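> sequence first, predicted model second:
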Amino acid sequence: SAVNNAKENTKMKKHNPAKVLAPIAAAAVIAVGGWAFANRTPTIDVSKYMTLSADGYNTVGKLNIDFDTDKLEQDYGKQITTRFKKQKNLKDDTYGLSSLTASLYDGYEADLFAETCATGSADKTKGLSNGDVVTYTWDDNSDEAEEAFGVKVKYTDITYTVSGLASVNTFDAFDGVDVEFSGISPDGRATVNSLPTAAEAQGLYYTLDENSGLSNGDTVTLTVHSNRDDFSDCIDKYGAMPQATEKTFTVEGLNEYVTSADTLSDSVLVSLQNQAEDVFKSYAAQRFSNGQTFKGMTYLGNYILTPKNKDSWGDKDRIVLAYQVTVHHDYTSELNTTYDADDSFFWYITFNNVSKDADGNIASGLNDYDTPTTFVKIDSGVQKYSFSSSTETWEYYGYASLDSLYNAAVNQYVENYNHQDNVA
């Protein structure tokens, strides 16, 4: 019937709730997924934007390091800009990037990201040859990237094999060039005698890595330069470049300061001892009077002083020879009382700036010396006059004890000098 047909149509038009909710749920999932995808933290592989290359000539090539900020801008520019501004809104100063810095880079946030988070260094940037392998290592700026830009970064070291550098003719830039050494070790000096024989080398210049404070056995490196680091000016003019740009020289032939017992050769010590005896004998001949006879002097050992500050202008060494001097006294007073005995005291001589030559013989310092300026008194105990209790005495430049000598010759200099004591 018509009524029944109407009821059937009504039944057919009723919707299944599950069928209605399913599309809505699906749409919600898509919306949430889209939001999550749009807001997930991107990871930027900075290595994809770095290119290493080399140019110039073989053996003197230069490394080129190029970061493609244009490509970075295309790939991540909008995300970097949006997230950087969002991070800036959270705090006034983000990883040292002030508001002023941010305003200066407005519209160039990708460049700021590259300068801040895509930094590193190569293990070799010049003097490159074909076949050299260069490694570029990234600085770890992960924290900066997340704090300032709201992104993550991936760092992968880059290796590059040099190729394609042009080869040129070479010449010996060191033929006719020598290094001369002068002075006294360890204060030797080096100078360059640059008279290169090669015509191609006439416009070049030479430098030393060290030219002072040198000791025998040290090495110095001589480097040849042109007005351009890659010698391209030399190549343009002569069609050639130096075969080698460095040459090493060994310091030798310098006289040497005596700075230890090991460097105090037997020959030098004998020369110093002979001079010491001559100095004292001369003093005795001039100052001793009747009744005073020089009997001899016993060598006790030496003290070697060296400056604590090697750059000081003082003596480079001080060699102190210590002696015990014996003098015979023969005296008869007006009271006919006699004194006939040997007496001794301590004396030193300090030789300054003593050096030796390659054969171990003394080269300097023999005539640069100091001796005591204070007196030691020897009392005979013999009364000189009947009307006075005074006794006969003699005075000599020197000291009554070895300790007194040590204070004068060594201790007073310890502020500025180290010392090695070789006295028993």
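Structure's in. What do you need?
> neighbouring contacts of stretch 240-250?
Stretch 240-250 is contacted by residues 57, 59-60, 127, 168-174, 177, 179, 190, 200-201, 204, 217-225, 231, 234-235 when judged by CB atoms under 8 Å, 6 or more residues apart in numbering. In this view, the C-beta of every residue, glycine as well, is placed from N, C-alpha and C.
> now do stretch 304-322
184, 186-187, 213, 257-261, 264, 272-273, 276, 299-303, 346-354, 365, 402, 405, 409-410, 413, 416-420, 422-423.
> of those residues, keep whichever come out buried.
Among the contacts of stretch 304-322, those scoring as buried are 184, 186-187, 257-259, 264, 272-273, 276, 300, 302-303, 346-354, 365, 405, 409-410, 413, 417, 419 (criterion: 16 or more other CB atoms under 10 Å).
> which ones among those residues are found in helices?
Among the buried ones among the contacts of stretch 304-322, DSSP state H puts L272, Q273, A276, L405, A409 in helices.
> which residues touch the residue lying closest to the second one once chain neighbours are set aside?
It stands for Q273. Nearest residue to Q273, sequence neighbours excluded (CB to CB, 6 or more residues apart in numbering): Y299, at 6.1 Å. Y299 makes contact with Q273, L321, A322, Y323 under the criterion CB under 8 Å, 6+ apart.
> how about these, which pair is most distant?
Greatest spatial distance in those: Q273 and A322, 11.3 Å, computed using CB to CB.
> quick one: which of the buried ones among the contacts of stretch 304-322 sit in strands?
The strands in this structure, assigned by DSSP state E, contain 184, 257, 300, 302-303, 346-352, 417, 419 from those.
> from these, which is closest to T293?
Closest approach between these and T293, by CB to CB: W347, at 16.2 Å.
> of the contacts of Y299, grab the buried ones for ChimeraX.
In ChimeraX, a selection of the buried entries from the contacts of Y299 looks like this (16+ other CB under 10 Å):
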select :273,321,322,323
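> switch the contacts of Y299 over to TSV; also include pLDDT.
Formatted as TSV, the contacts of Y299 follow (pLDDT from 0 to 100):
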residue	pLDDT
Q273	98
L321	98
A322	98
Y323	98
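> helix, strand or coil for the nearest residue to D359 once chain neighbours are set aside?
Once flanking residues are discounted, D359 sits nearest to S267: 7.8 Å by CB to CB, 6+ apart. When classified by DSSP: H, G, I helix; E, B strand; the rest coil, S267 comes out as helix.
> list the contacts of S267.
Taking CB under 8 Å, 6+ apart, we find S267 in contact with K356, D359, G360, N361, I362.
> what is the neighbour count of H329?
By other CB atoms under 10 Å, the residues close to H329 number 18.
> report the beta-bridge partner residues of it.
For H329, the beta-bridge partners under DSSP bridges are Q292, A341.
> just checking, it touches I378?
Yes: counting by CB atoms under 8 Å, H329 touches I378, with 7.2 Å between them.
> overlap in contacts, those two.
Residues touching both H329 and I378 by CB under 8 Å, 6+ apart: D343, W394.
> give the contact list for T326.
Taking CB under 8 Å, 6+ apart, we find T326 in contact with K295, G296, M297, T298, D342, D343, S344.
> dump these to a markdown table, plus pLDDT.
Output for the contacts of T326, formatted as a markdown table (pLDDT from 0 to 100):
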| residue | pLDDT |
| --- | --- |
| K295 | 97 |
| G296 | 97 |
| M297 | 98 |
| T298 | 98 |
| D342 | 97 |
| D343 | 97 |
| S344 | 97 |
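> which of the residues you listed are buried?
When the contacts of T326 are checked for burial by 16+ other CB under 10 Å, the buried set is M297, D343, S344.
> is the second one in a helix, a strand, or coil?
The three-state assignment at D343 reads strand, by three-state DSSP.
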